[in-house]
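Colleague: Would you be able to build a 3D model of this:
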Amino acid sequence: MILWLLKHFGYLLEQLASRTTGDSRVFLTARIAAASVTAFLITLLLGPIAIGWLKKRFRERIASKSETLNRLHAGKQETPTMGGLFVMGAVLLSTVLWGDLENTFVHVGVLVVILLTSLGAWDDWIKQRTTRLGLTVRQKFAAQLVIGCIAGFGLTAELTGEAFGTDLVWPFGNMSIALGPFFFAWCAIVVVGSANGVNLTDGLDGLAAGCTITTASAFAGLAYLCGHSVISEYLGIPHVQASGELAVMLAALAGAMLGFLWFNCYPAQLFMGDAGSLPAGGLLAVAALAARQELLLVLIGGVFVIETLSVIVQVACFRTTGKRPLRCSPLHNHFVFRGDHEMKIVVRFWIASALLAILGIASLKLR
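Modeller: Numbers count the residues shown, from 1 in each chain. The predicted structure is shown next:
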């Protein structure tokens, strides 16, 4: 909205341009910072109101399939949940204020956030209002796949014609594989995988929020670099025109999660729920795909990847050998069962996420 006003009211644009450095009429750097601060303040200020509202309507029901896990997490019973509703509301409001509303990548990002938030809220609602544990795996996967296909359609239309636009770009060595018509399906897979990765990580106070902050910050930087013709050429990464606008959304996501962490840190006053974890992962996937760095998402979002793989390995080993390599999956629950303090587990996962983000950004020079 701010950018639209500047574009359509020449006097405002001239006044702002005369007081800023550089010759850009887009003010992307300033808008990225403003989006992050705005989302943070919205989340921080609305947090107490949201907690009060959700406390009367949606409280966490500890009812997993593991009796031991239920006993260990018994203290979390009745904690307000579905906090993702106001977190994603802050992301969207900040994007509307500071993003380019004419940008196709922003359209895709906003649509994915709205659809996955709705799906997550539906799943959370079923958990809270019925005896079921939410949607079935097939229902959830099918809905996510449809949303991923919608995102793939928008991204394919926008990236077709760009250099490496529909190629699978290897992060190291400037190698790529042309996906052609398979790019659409690849987009859907990345969106579904990323959304579920964040969702599976959301099991301890502050864990998913903290890891999302570092991953979103890294991809905000990558989106900005990818959208800058000079810097992308210098770094040897694909240049995708206008992809830098997604940095505004990613900065808003990081800021909103930072504000949410104020209430979600141990002991949590509020849980995110699927209404927050699913859209957070989906937005990370959209940014990675738009910047043509989805393989780098495996490194930067390594915590989410490891958490997902731990579940896959646990299930596969049990079905084939009857044995479980972990005491409980996802991986963070293994350490909970081992007796480690929750805060120690969370902080160590945060450290790992921060280091992976640094390694991912540093790898841009390994071309």
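Colleague: how many neighbours does S310 have?
Modeller: When neighbours are counted by other C-beta atoms under 10 Å, S310 registers 20. C-beta coordinates here come from the backbone N, C-alpha and C atoms, glycine included.
Colleague: wait, isn't it in contact with P330?
Modeller: Yes. If you go by C-beta atoms under 8 Å, S310 and P330 touch, sitting 5.1 Å apart.
Colleague: if I look at L44, how far off is V91?
Modeller: Using C-beta to C-beta, to the nearest Å, L44 is found at 14 Å from V91.
Colleague: of those two, who's got more company?
Modeller: Ranked by neighbour count (other C-beta under 10 Å), L44 and V91 place V91 first, with 34 against 18.
Colleague: Distance check, the more buried one against P48.
Modeller: V91 is 19 Å from P48, by C-beta to C-beta.
Colleague: before we move on, what about S243?
Modeller: S243 is 36 Å from P48, by C-beta to C-beta.
Colleague: helix/strand/coil for S64?
Modeller: Here S64 is recorded as coil under DSSP: H, G, I helix; E, B strand; the rest coil.
Colleague: Find the nearest non-adjacent residue to it, please.
Modeller: Nearest residue to S64, sequence neighbours excluded (C-beta to C-beta, 6 or more residues apart in numbering): N70, at 5.8 Å.
Colleague: you'd agree that neighbour is in a helix?
Modeller: Yes. Per three-state DSSP, N70 lies within a helix segment.
Colleague: just checking, it touches I62?
Modeller: Yes. In this structure, N70 is within contact of I62 by C-beta under 8 Å, at 5.2 Å.
Colleague: what do those two both touch?
Modeller: Contact criterion C-beta atoms under 8 Å, 6 or more residues apart in numbering; residues shared by N70 and I62: none found.
Colleague: which secondary element of this protein has the worst mean pLDDT?
Modeller: In the chain, no helix or strand scores lower on mean pLDDT, DSSP states H and E than helix 10-17, which sits at a mean of 51.
Colleague: Which helix or strand lies directly C-terminal to that one?
Modeller: The helix or strand immediately downstream of helix 10-17 is helix 28-55, counting by DSSP states H and E.
Colleague: secondary structure element for V112?
Modeller: Take DSSP H and E as the rule and V112 turns out to sit in helix 104-129.
Colleague: So what's the gap between that helix and the chain middle?
Modeller: Centroid displacement of helix 104-129 relative to its chain, using C-alpha atoms, centre = their mean, to the nearest Å, is 12 Å.
Colleague: Now do the buried residues in that helix.
Modeller: Within helix 104-129, the residues scored as buried using 16 or more other C-beta atoms under 10 Å are 104-106, 108-113, 115-128.
Colleague: relative orientation of that helix and helix 28-55 in degrees?
Modeller: Here helix 104-129 runs at an angle of 10 degrees relative to helix 28-55 (axes from the mean of the first three to the mean of the last three C-alpha atoms, to 10 degrees).
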